[in-house]
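Asks: Sequence unavailable; structure follows:
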């Protein structure tokens, strides 16, 4: 008989948690044994939708009151480090909803705590489980379009409040102290993360962010991050004010022997001097189809998350985001050391 894993949830005020909870509940060898959340409306939703009936006011009470195997963190970015350090000290494996933290300093605390206590730490970037994006990245990484010299990805929508996010979610998204920034921290990380996986660490970067439309938000609602490599560049865009659909090709990867674009119709390869072709997108094994199933696979098999899910890549992404904020403040390019 397989082991049953006791899972605790730290926070319900990140709206991604509801999809994650659905996934956790569907795992046959998982029990949600407690949730740390002080807001009663969020507790009530968890009771009604998922049948959870044990709640704690703080993460400390949850971690002290339950014997957990896994902790899912889904709260404001500024709390990630404190929660991770406390859970890691108890030997609990941890999965965190993106980004890693509100700052590189906090992210480094998390990485060091996981290393010191020999626990598994994974940061979930939802794009990791988009099969078309994964196909595009893997094709390019394996040399399918020659040497990649440019990568571009745009992420965003017309605003958290405007698309119906919970007030418990957007209240901290709009707060630079709790989020780390505004739309930049929410969305530029996706492009920086994928670029890091594809191209490694950039040599320098330049970022700009401004509040262009949503005047009531005390943070930038649009941002652009440009990363420079030895013979490549990458662009990550973020918006909280976009009306209508984003780019029809997103991301786009340009190589010396062709290009790849992810579209609504699939992954399109544009070979040099040949007709475009739609690349087949293979279904991954069951354990690699979601953040929850993959992290559970890592825990069950005592292996560290790797590739797009590695904590090393998440830490690098957080450093890039931090340096981007410095670039915005100084209004100049910043070297990545």
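Replies: Noted; the coordinates are in hand. Quantities reported herein were computed from a predicted structural model and do not represent experimental measurements. Residues are numbered from 1 along each chain as shown.
Asks: Could you pull out the buried residues of stretch 161-169?
Replies: For stretch 161-169, the buried set under the neighbour-count rule, 16 or more other Cβ atoms under 10 Å, comprises 161, 165, 166, 168, 169. (Glycine included, C-beta is placed from N, CA and C.)
Asks: For those, work out which two are farthest apart.
Replies: 161 and 168 (12.0 Å; Cβ to Cβ).
Asks: so what's the backbone phi/psi at the nearest residue to residue 39 once chain neighbours are set aside?
Replies: For residue 39, ignoring the flanking residues on the chain, the nearest one in space by Cβ to Cβ, 6 or more residues apart in numbering is residue 168 at 5.8 Å. Dihedral pair for residue 168: phi -70, psi -30, per degrees, to the nearest 10.
Asks: what's the answer for residue 262, then?
Replies: phi -90, psi 120.
Asks: I'd like to know how far it sits from residue 275.
Replies: 19 Å (Cβ to Cβ, to the nearest Å).
Asks: Of the two, give the one with the bigger neighbour count.
Replies: Set residue 262 next to residue 275 and count neighbours by other Cβ atoms under 10 Å: residue 262 wins out with 26 against 7.
Asks: what's near enough to touch that one?
Replies: Applying Cβ atoms under 8 Å, 6 or more residues apart in numbering to residue 262 gives the contacts 130, 132, 133, 136, 249, 250, 251, 252, 268.
Asks: 7 Å - rerun?
Replies: 132, 133, 136, 249, 250, 251 (Cβ atoms under 7 Å, 6 or more residues apart in numbering).
Asks: Torsion angles phi and psi at the residue nearest to the fifth one when sequence neighbours are not counted?
Replies: This points to residue 250. Leaving aside its sequence neighbours, residue 250 sits nearest to residue 154 (Cβ to Cβ, 6+ apart; 5.7 Å). With angles defined as degrees, to the nearest 10, residue 154 sits at phi -120, psi 130.
Asks: Kindly report the same for residue 117.
Replies: According to degrees, to the nearest 10, residue 117 has phi -90, psi 0.
Asks: Double-check it against residue 87; I have them as touching.
Replies: No. Judged on Cβ atoms under 7 Å, residue 117 makes no contact with residue 87 at a distance of 9.0 Å.
Asks: Please say which of these two ends up with more neighbours.
Replies: Of the pair residue 117 and residue 87, residue 87 is the one with more neighbours under other Cβ under 10 Å, namely 27 against 18.
Asks: Pull the contacting residues for that one.
Replies: 63, 71, 94.
Asks: State the distance from it to residue 122.
Replies: 13 Å.
Asks: Quick check: the gap between residue 232 and residue 334.
Replies: The value you get for residue 232 to residue 334, if Cβ to Cβ is used, is 18 Å.
Asks: all helices of the stretch 51-200 of the chain, in order?
Replies: Counting by DSSP state H, counting those that start in this stretch, one finds helices in the stretch 51-200 of the chain at the ranges 59-65, 80-88, 104-117, 131-141, 167-173, 176-179, 183, 189-199.
Asks: Which helix or strand lies directly C-terminal to the last one?
Replies: With elements assigned by DSSP states H and E, the helix or strand that comes after helix 189-199 is strand 204-210.
Asks: Tell me which other helices or strands that following strand touches.
Replies: strand 222-228, helix 311-330, strand 334-335 (3 or more Cβ pairs under 7 Å, 6 or more residues apart in numbering; DSSP states H and E).
Asks: Specify the angle between the second one and strand 204-210 in degrees.
Replies: Which is helix 311-330. 60 degrees (axes from the mean of the first three to the mean of the last three Cα atoms, to 10 degrees).
Asks: how much does helix 311-330 deviate in direction from helix 104-117?
Replies: Going by the same axes, to 10 degrees, helix 311-330 makes 160 degrees with helix 104-117.
Asks: Any idea how far helix 311-330 is from the middle of the chain?
Replies: 14 Å (Cα atoms, centre = their mean, to the nearest Å).
Asks: and if you look at stretch 162-181?
Replies: 16 Å.
Asks: And for stretch 121-133?
Replies: Distance, centroid of stretch 121-133 to centroid of chain: 7 Å (Cα atoms, centre = their mean).
Asks: residue nearest the centroid of this protein?
Replies: Nearest residue to the geometric centre of the chain (Cα atoms, centre = their mean): residue 125, 2.6 Å.
Asks: okay, now the domains of this structure?
Replies: Split into domains by automatic domain parsing, the chain comes to 5-125, 127-286+317-335.
Asks: so which of these gets nearest residue 302?
Replies: domain 5-125 (8.4 Å).
Asks: quick one: average confidence on the closest one?
Replies: What domain 5-125 shows for mean pLDDT is 98.
Asks: so how far does it reach from one end to the other?
Replies: 23 Å (Cα to Cα, to the nearest Å).
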